[in-house]
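Peer 1: Turn this into a structure:
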Amino acid sequence: MLLVCLVSAPLLSAGCQSVAGTDRRQLNAYSIEQEIALGDEAYAEMKVGASAIRSGPEFEMVVRVADRIAAAADRLHPEIASRFEWEVILIDDDDVVNAWALPGGKMAVYTGILPFTKTEDGLAAVMGHEAAHAIARHGGENMTRQGLVSLLAIGAAVMVDPEDRTIVAAAAGAYGLLGEPAFSRAQESEADELGLFLAADAGYDPRESVGLWERMSARGGEPLEFLSTHPNSETRIRDLERLMPVALEIQRRRLLDRGD
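Peer 2: Predicted coordinates:
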C-alpha cells in the first residue's frame, strides 16, 4: 500500500484543476501539450484508413461549422482553445452515426449522422458538443483515472492482508475507479452545456440541439439511463431546455456583434 501511495500522491496533488466554463474539479495528470500530442498522433493514424470526402455541399458545410465553432471556442475559452490547431474531416460512412473531437481540436464527422442533424444548426449542436469534450480536457481526465485504476490494481495484488484488499476495492469503487468511469455521465452533460454555448456563440440557433436529441430518441435502441454511462435523450433535452435562456442570450449578443 505504501508503494501505491508514494506513486499516486504526486499525481493526485499535481493534477487537480477546474474545468473551463463549469468550474467542476477534475483530476488530470496530463498537460495540455501532452494531450494535444496524443490527439495529433491518434488523428494521423485515423486518417490513414479513412474514406474522406473533400468536396461538395456536405463537406463545405462541415468545414464552415467547424470554423465557426473554433472561433467561438477561441472567444469563450482562449486559455485552452488558442493552443489548438483545429482541423476537421468528413468521413464517408453512412452506417456510423457519430462525430468526435480529439485533444488539440482535431475533429471528425461521419456522413451517417447528417440525416439526424438535418440543418447546419443541428450540425453545430453536434460539433459544439464534441469540441467541448476537448476544451474540458475529458481525454486527459479519463487517462488519469485509468492510470489510477492500474495503480490500485498493483497495490491490491501485492498486499497480504485480505482486509487491506477490501479497503482498496471499496475506495476504488467509491471513486468510480472500477469498471466504467464514474464521471462519464457528468462529462457528457458538461459537454452538452459547453457545446450549447459554443454553438450559440458561433451564431447558430441553440434550440436545434433539442430537435437533434428528439430525432436521436426517435431512432430508438437507447439503453435505460441507469444501465448506461451516458444520459438518455429525455434527460439531455430537459437539461438543454433549462440552459436555453442563457444560450439564446449568447446567440443574440453574437448576432448583434456581427450586425445580423
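
Peer 1: okay, now residue 17: neighbour count?
Peer 2: If you count neighbours by other CB atoms under 10 Å, residue 17 ends up with 14. In short, each C-beta sits where N, CA and C put it, glycine included.

Peer 1: which residues sit in contact with it?
Peer 2: With contact taken as CB atoms under 8 Å, 6 or more residues apart in numbering, residue 17 is in contact with 25, 26, 28.

Peer 1: Dump the C-alpha coordinates for the helix or strand where residue 133 lies into PDB.
Peer 2: Assessed by DSSP states H and E, residue 133 sits inside helix 120-135. The C-alpha trace of helix 120-135 is given here as PDB (Å, rounded to 0.1, in the frame of the first residue of the first chain):
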ATOM      1  CA  GLU A 120     -26.400  23.500 -40.200                       C
ATOM      2  CA  ASP A 121     -27.700  24.500 -36.800                       C
ATOM      3  CA  GLY A 122     -28.200  20.800 -35.900                       C
ATOM      4  CA  LEU A 123     -24.600  20.000 -37.100                       C
ATOM      5  CA  ALA A 124     -23.400  22.900 -34.900                       C
ATOM      6  CA  ALA A 125     -25.000  21.300 -31.900                       C
ATOM      7  CA  VAL A 126     -23.100  18.100 -32.500                       C
ATOM      8  CA  MET A 127     -19.800  19.700 -33.300                       C
ATOM      9  CA  GLY A 128     -20.100  22.100 -30.400                       C
ATOM     10  CA  HIS A 129     -20.600  19.200 -28.100                       C
ATOM     11  CA  GLU A 130     -17.600  17.300 -29.400                       C
ATOM     12  CA  ALA A 131     -15.400  20.400 -29.300                       C
ATOM     13  CA  ALA A 132     -16.500  20.900 -25.700                       C
ATOM     14  CA  HIS A 133     -15.100  17.500 -24.800                       C
ATOM     15  CA  ALA A 134     -11.600  18.600 -26.000                       C
ATOM     16  CA  ILE A 135     -11.900  22.000 -24.300                       C
END
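
Peer 1: what's in contact with stretch 249-260?
Peer 2: 72, 197, 200, 201, 202, 203, 204, 205, 206.

Peer 1: What residues sit buried inside that stretch?
Peer 2: The neighbour-count check on stretch 249-260 (16 or more other CB atoms under 10 Å) flags 250, 251, 254 as buried.

Peer 1: so where's the stretch 51-200 of the chain shaky on pLDDT?
Peer 2: Applying pLDDT under 70 to the stretch 51-200 of the chain picks out residues 148-183.

Peer 1: Tell me where it has helices.
Peer 2: 57-76, 78-81, 114-117, 120-135, 138-158, 162-174, 184-201 (DSSP state H, counting those that start in this stretch).

Peer 1: Would you reformat the ones you listed as a markdown table and include distance to residue 236?
Peer 2: Shown next, in a markdown table, are the helices of the stretch 51-200 of the chain (distance: least, CB to CB, whole Å):
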| stretch | distance to residue 236 |
| --- | --- |
| helix 57-76 | 19 |
| helix 78-81 | 24 |
| helix 114-117 | 13 |
| helix 120-135 | 10 |
| helix 138-158 | 16 |
| helix 162-174 | 27 |
| helix 184-201 | 6 |
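
Peer 1: These: which one's closest to residue 231?
Peer 2: helix 184-201 (5.6 Å; CB to CB).

Peer 1: What's the first helix or strand after that closest one?
Peer 2: helix 208-219.
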